[in-house]
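Asks: The following comprises the amino acid sequence and a computationally predicted model.
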Amino acid sequence: MSTPVLAAIADQVKLNILADSHVADNASKAEEIARTFICLCFFAFLSTRAESRTMQRTRSQVRHSPTPEMLAYAALATIGDDVYYDPSTEALETHMAQLTGKEAGLFMPSGTASNQIALRTHLKQPPYSVLCDHRAHIHKYEAGGSAFHSGAAVLPIIPSNGHHLTLADVEANAVLGSDVHLQVDDIIAISDWAHSNGIKMHLDGARIWHVAIETQTSLKELLGPFDSVSLCFSKGLGAPIGSCLVGPKDFIDKARWFRKLFGGGMRQTGILAASAAYALTHNFPQLERVHILAKKLETGLESIGAEITSRAETCMVFYDPTPIGLDYNEIAERASKLPHPLVLGGSRLVVHLQTSESAVDDFLALISELAEEKNRAGFIKPENSNEQKVHKDIYVRRKPNTSK
């Protein structure tokens, strides 16, 4: 620096965030992630009473990390300014619009931002309300954003079939000012009904990639019933950050303005867009293996005697270990003491791109061992009650033991 004072200021400012052991630390973290089952893929519905009236969503979280190959590809991206123009980001947005059969796309920093900006763009004039599955991310995990950003009340609905919202559920709870009576429960029927009532459809498709793989259906066909869609590049696909909102051009133009208003305008997004492109090209095809591992978890748990509360339709399994005398804390504590520890939460087991088959095998072996210990200790499986079951959320979080 030109003067001792400036040199001193520069010394105060500088920062090295890399530890001497960062390479080994990253390798250790990658091994941990491969043995982590912590991560919602629920279908929900949103209804508003105004010019724009409804939306639908699917969503979820998972834990994984960008690979060295992805980071190397990202380093080659353009270095434009996305507040004005960045070629890599524009190429990703254009590709996503074409892939989903929509007119335009908009890169977003997160799925929550994408959902909330989509809501704010669709909803034009109160009063309106958000009708959604009671497990919906916009209801439980977006910090009350629907009310804060859009002034919309949220009406969480428990699906009558215990699995997903149907047209009958929507009809019974949507306030339209007129009586409508239909008995159809698939998405196309809901979409037809919604559009006939001047209602917009939005899908939070954070895990739509899994649906495409499992059903062997194109994104364009899957997303046809919806006016707008949010697709996540990190959950499921393994990019470090980002989602893409797609829809009609005038909708995306307005959403871009709201993104700026919400503080979501970003500068050199090319490296993030390149990471997403790498994930689409190299990681998407791997989801088939992820689903196979999830089904292996389901089959193994069921054979041991655990109750499967939600089956492995794609990458998640929900289970209840009480029929074999276990609880989530006991399982997680023993898992953490294995020679190669496993990281577990509660009832939800999530398989992702970096989940190793050995982690699945070790988890099932642990459950089998614990169940056998309970049997030797005299545990007797309780008889099934004939009483009518009260609805319970299948997503049970583990409550860590804090008494130690």
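Replies: Arrived safely, thanks for sending.
Asks: CA atoms for contacts and neighbours, from now on please.
Replies: Will do.
Asks: pLDDT below threshold where in this protein?
Replies: Scanning the chain for pLDDT under 70 picks out 1, 39-64, 125-127, 145, 147-148, 150, 175-185, 385-391, 400-404.
Asks: if you count residues, which helix in it comes out on top?
Replies: helix 357-376 (DSSP state H).
Asks: Put the alpha carbons of that helix into PDB.
Replies: C-alpha atoms of helix 357-376 as PDB (Å, rounded to 0.1, in the frame of the first residue of the first chain):
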ATOM      1  CA  GLU A 357     -25.500 -47.600  -0.500                       C
ATOM      2  CA  SER A 358     -23.300 -48.600   2.500                       C
ATOM      3  CA  ALA A 359     -25.100 -45.900   4.600                       C
ATOM      4  CA  VAL A 360     -28.400 -47.500   3.700                       C
ATOM      5  CA  ASP A 361     -27.100 -51.000   4.600                       C
ATOM      6  CA  ASP A 362     -25.600 -49.800   7.900                       C
ATOM      7  CA  PHE A 363     -28.800 -48.000   8.900                       C
ATOM      8  CA  LEU A 364     -30.900 -51.100   8.200                       C
ATOM      9  CA  ALA A 365     -28.400 -53.300  10.100                       C
ATOM     10  CA  LEU A 366     -28.600 -50.900  13.000                       C
ATOM     11  CA  ILE A 367     -32.400 -51.000  13.100                       C
ATOM     12  CA  SER A 368     -32.300 -54.800  13.000                       C
ATOM     13  CA  GLU A 369     -29.800 -55.000  15.800                       C
ATOM     14  CA  LEU A 370     -31.700 -52.600  18.000                       C
ATOM     15  CA  ALA A 371     -35.000 -54.500  17.300                       C
ATOM     16  CA  GLU A 372     -33.300 -57.800  18.300                       C
ATOM     17  CA  GLU A 373     -32.000 -56.200  21.500                       C
ATOM     18  CA  LYS A 374     -35.600 -55.100  22.400                       C
ATOM     19  CA  ASN A 375     -36.900 -58.700  21.700                       C
ATOM     20  CA  ARG A 376     -34.300 -60.200  24.000                       C
END
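Asks: change the start of the numbering to 22 and stick with it
Replies: New numbering, starting at 22: the last item is helix 378-397.
Asks: That helix packs against which elements?
Replies: Applying 3 or more CA pairs under 8 Å, 6 or more residues apart in numbering; DSSP states H and E, we find helix 378-397 packed against helix 308-325, helix 349-356.
Asks: Can you lay out these as TSV showing mean neighbour count and distance to Asp102?
Replies: Converted to TSV, these look like this (neighbours: other CA atoms under 10 Å; distance: least, CA to CA, whole Å):
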stretch	mean neighbour count	distance to Asp102
helix 308-325	19	33
helix 349-356	17	45
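Asks: can the ones you listed go into a markdown table with extra columns for distance to Asp383?
Replies: Output for the helices and strands packed on helix 378-397, formatted as a markdown table (distance: least, CA to CA, whole Å):
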| stretch | distance to Asp383 |
| --- | --- |
| helix 308-325 | 11 |
| helix 349-356 | 9 |
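Asks: Of all those helices, which one is nearest Gly284?
Replies: Judged by CA to CA, the one of the helices and strands packed on helix 378-397 that comes nearest to Gly284 is helix 308-325, at 33.0 Å.
Asks: which residues sit against that closest one?
Replies: 231, 234-235, 257, 328-329, 332-338, 340, 371-374, 376, 378, 381, 385, 388-389, 392 (CA atoms under 8 Å, 6 or more residues apart in numbering).
Asks: Run the angle between the longest helix of the chain and helix 349-356 for me.
Replies: Calculated by axes from the mean of the first three to the mean of the last three CA atoms, to 10 degrees, helix 378-397 forms an angle of 120 degrees with helix 349-356.
Asks: Please narrow the contacts of helix 308-325 to those residing in helices.
Replies: Per DSSP H, the contacts of helix 308-325 map to helices at His231, Ile234, Glu235, Glu378, Val381, Leu385, Ile388, Ser389, Ala392.
Asks: Strands along the stretch 72-221 of the chain, start to end?
Replies: Ranges of strands within the stretch 72-221 of the chain are 75-80, 125-129, 150-154, 174-178, based on DSSP state E, counting those that start in this stretch.
Asks: ugh, typo on my part, it should be the stretch 222-371 of the chain
Replies: With DSSP E, counting those that start in this stretch as the criterion, the stretch 222-371 of the chain has strands spanning 223-226, 249-253, 264-268, 328-331, 337-341, 369-371.
Asks: Go through these and name the closest to His158.
Replies: Between these, strand 223-226 lies closest to His158; by CA to CA that is 8.9 Å.
Asks: quick one on the thing from earlier: kindly reformat the strands of the stretch 222-371 of the chain as JSON lines containing distance to Ala294.
Replies: Converted to JSON lines, the strands of the stretch 222-371 of the chain look like this (distance: least, CA to CA, whole Å):
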{"stretch": "strand 223-226", "distance to Ala294": "18"}
{"stretch": "strand 249-253", "distance to Ala294": "12"}
{"stretch": "strand 264-268", "distance to Ala294": "10"}
{"stretch": "strand 328-331", "distance to Ala294": "34"}
{"stretch": "strand 337-341", "distance to Ala294": "27"}
{"stretch": "strand 369-371", "distance to Ala294": "25"}
